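J.: got a structure for you, letters missing:
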């Protein structure tokens, strides 16, 4: 004759079943929101255009009082157009011979426009520009040439505005 389970065994099965049902119910009730209900934070990365404006400065870099309004104008243009802006400071002696390799570095970086501030940097642009007729150059306080645009050196607000306007026009 087959042995029948004792009532004690039935209680354990019933208790285990109740515990499983309660656990399943709590899992469903407390499960996090579905992905469709979640929202992602806004993107923090800025989408830039494929246009680079590069500043060539002296040893002081952006601390140079002559470079500050130029850099501010470049940043204004970047905000208006989403063009990328960067700078490169000429280290060592402030001579044309030392500044020319830095100018060539900016051209190798595929800068769409090279902006120069400072006498040796401006002179380096004049020396480099003829061998790069497809490149665009901007000098502050010099004279215009075939592919060189000169902006007058003047009050900081005017230089800033001139640089921003020129770069905005080049981007568009």
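T.: Okay, I see it. The structure presented is a predicted model; accordingly, all values stated were derived computationally and were not measured.

J.: Tell me who's in contact with the residue nearest to residue 91 when sequence neighbours are not counted.
T.: In space, and not counting its chain neighbours, residue 91 is closest to residue 59: 5.9 Å by C-beta to C-beta, 6 or more residues apart in numbering. No exception for glycine: its C-beta is placed from N, CA and C like everyone else's. Counting by C-beta atoms under 8 Å, 6 or more residues apart in numbering, residue 59 makes contact with 89-92, 94.

J.: same check, this time on residue 110
T.: Neighbour list for residue 110: residue 52 [criterion: C-beta under 8 Å, 6+ apart].

J.: Would you enumerate the residues in contact with the closest residue to residue 89 other than its chain neighbours?
T.: Leaving aside its chain neighbours, residue 89 sits nearest to residue 61 (3.8 Å; criterion: C-beta to C-beta, 6+ apart). Shown in contact with residue 61 (C-beta under 8 Å, 6+ apart): 67, 87, 89.

J.: circling back to that earlier point, got CSV for the contacts of residue 59, with secondary structure too?
T.: CSV is the format used below for these (DSSP: H, G, I helix; E, B strand; the rest coil):
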residue, secondary structure
89, strand
90, coil
91, coil
92, coil
94, coil
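
J.: Tabulate those (TSV), appending distance to residue 126.
T.: TSV is the format used below for the contacts of residue 59 (distance: C-beta to C-beta, whole Å):
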residue	distance to residue 126
89	19
90	15
91	21
92	20
94	15
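
J.: Name only those of the residues you listed that count as buried.
T.: 89-90 (16 or more other C-beta atoms under 10 Å).
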